[in-house]
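**Student:** one predicted model, sequence on top.
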Amino acid sequence: MTTLQRTKEALLVIDVQVGIMETAFEGPKKVELIAAIVDRARKAGVPVIWVQHNEPGFERDSDGWQLSPELVPLPNEPHIHKNFRSSFESTELDEVLEKLGVGHVYLCGAESNHCVRFTTHSALDRGYDVTLIADAHTTTGFEWNGIVVDAKAVIDEQNTNFGGFALPGRTMAVLASSELPF
C-alpha cells in the first residue's frame, strides 16, 4: 500500500503525441486502446491526467507535439507539460496528485523505455503504488551501437521487469487493460 496515506487512483496518459505515435510499435492500435481506457476511467470516476513532452522535434504547439487526435482531454482534466523523461521532474504532477488525494497511479503511453520507465520509477520513489498497463504502452525500435533494438522486445522487457516489483510500503503491478478494476 502506498506510503502517502492517500486512497484515490488516477490514470496518467504519458506522451501519446502525434510525432511519437506515428512511428511507435502498433501506434494506431495503442491509441485506440488508450482512448478506451480513458473512457472507462472517466466513467468510473478515476481522474485522467494528461502528460505531454516538450523537446527539440516536439516543440510545444508544433504538429508533432499535439496529442493524438483520438484523445481529447476534458477541460477539467489536468495537463502536465514536461521537459524531462520523468513526468514528475520539474512539473506540478506531485501537487496535482496530492490535491486529488491520489496514492495509486495507472500508467499508459509512450515511450516504454523512456518516459514510461522514468515516470514509473519516479512514482515509486515518491511513495505511489503503480500499475503499468501492459498492453497500453509502446515505443519505437532503434539501432544502438550496431545492435537493432526491437520495440516489441522493449515493451515485453518493461512488462517483465516491473511485474511483482515493489519497494518498502509500495507496490508495482503490471495488468492488461482487460484486468483493470475500472
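**Tutor:** Received, thanks.
**Student:** next, count neighbours for residue 74.
**Tutor:** Other residues within reach of residue 74, judged by other CB atoms under 10 Å, total 9. Every C-beta, even on glycine, is put in place using the N, C-alpha and C of the backbone.
**Student:** need the nearest residue in space to residue 54, chain neighbours excluded.
**Tutor:** Excluding the flanking residues, the one nearest residue 54 by CB to CB, 6 or more residues apart in numbering is residue 60, at 4.9 Å.
**Student:** ignore what I typed, I meant residue 28.
**Tutor:** residue 21 (7.6 Å).
**Student:** right, and the one you found touches residue 109 too?
**Tutor:** No. Counting by CB atoms under 8 Å, residue 21 does not reach residue 109; the two are 9.3 Å apart.
**Student:** which one of those two is surrounded by more residues?
**Tutor:** Looking at residue 21 and residue 109 with other CB under 10 Å, you find the greater number of neighbours at residue 109, namely 30 against 26.
**Student:** burial of residue 29, as a residue count?
**Tutor:** 12.
**Student:** that's a strand at it, yeah?
**Tutor:** No. Residue 29 is assigned helix when assessed by DSSP: H, G, I helix; E, B strand; the rest coil, not a strand.
**Student:** how close does it get to residue 136?
**Tutor:** 10 Å (CB to CB, to the nearest Å).
**Student:** residue 180 too?
**Tutor:** From residue 180 over to residue 136 (counting by CB to CB), the distance is 9 Å.
**Student:** give me the common contacts of these two.
**Tutor:** Listed as contacting both residue 180 and residue 136 by CB atoms under 8 Å, 6 or more residues apart in numbering are residue 37.
**Student:** pick out whichever of those two has more residues nearby.
**Tutor:** Shown here are residue 180 and residue 136; by other CB under 10 Å, residue 136 has more neighbours (26 against 19).
**Student:** quick check: phi and psi on the more buried one?
**Tutor:** phi -120, psi 30 (degrees, to the nearest 10).
**Student:** who are the contact partners of it?
**Tutor:** Here residue 136 is in contact with 30, 33, 34, 37, 108, 109, 177 (criterion: CB under 8 Å, 6+ apart).
**Student:** can you flag which of the residues you listed belong to helices?
**Tutor:** 30, 33, 34, 37 (DSSP state H).
**Student:** out of those, which one sits closest to residue 102?
**Tutor:** Nearest to residue 102 among the ones in helices among the contacts of residue 136, counting by CB to CB, is residue 37 at 16.5 Å.
**Student:** ok, now which ones touch the closest one?
**Tutor:** 11, 108, 133, 136, 177, 180.
**Student:** which strands or helices does the host helix or strand of residue 103 pack on?
**Tutor:** Using DSSP states H and E, residue 103 falls within strand 102-110. If you count contacts as 3 or more CB pairs under 8 Å, 6 or more residues apart in numbering; DSSP states H and E, strand 102-110 packs onto strand 8-14, helix 27-44, helix 117-125, strand 129-138.
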